[in-house]
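S.K.: Please work out how this folds:
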Amino acid sequence: MKTIHKHLISVQDNFPLDLPKDSRILTVQKQNHVLLVWVLCDVSKEKETRYFRIIGTGWDIEDADGLEYIDTFQQADGNLVWHLFEEYAK
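M.R.: Numbers count the residues shown, from 1 in each chain. Okay, here's the model as predicted:
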């Protein structure tokens, strides 16, 4: 059975998440001043490590062909806008 779970992340260039296979990232947002991703997953499936990248607006993007866009979110004060991508092996 699939359920929705949330995972704590931080604004850093690259980070891994251990998620059940075939999980789907739904959104990234702040809740109570904490950055979270919500994931649709089947927790009975084996976990796999997936890699993500947060890129700021205006930044140069290396290996853009190996990235899939997921969502955009703002810093709490609204001054910075970030974009979450998943990295794929080439």
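S.K.: Please work out how many residues are found near the residue nearest to D42 when sequence neighbours are not counted.
M.R.: Computed as CB to CB, 6 or more residues apart in numbering, the closest residue to D42 that is not its neighbour in sequence is K2, at 5.1 Å. Any C-beta I mention is one placed from the backbone N, CA and C, and that applies to glycine too. Here the count is done by other CB atoms under 10 Å, and K2 has 13 residues near it.
S.K.: L80 now?
M.R.: Other residues near L80 come to 12 when the count uses other CB under 10 Å.
S.K.: That one is in contact with I55, isn't it?
M.R.: No - look at L80 against I55 with CB atoms under 8 Å: they stay out of range, at 11.4 Å.
S.K.: Look up which residues are beta-bridged to K6.
M.R.: Applying DSSP bridges to K6 gives these bridge partners: W38.
S.K.: re the thing from before, pLDDT score for the residue nearest to D42?
M.R.: The model reports K2 with a pLDDT of 95.
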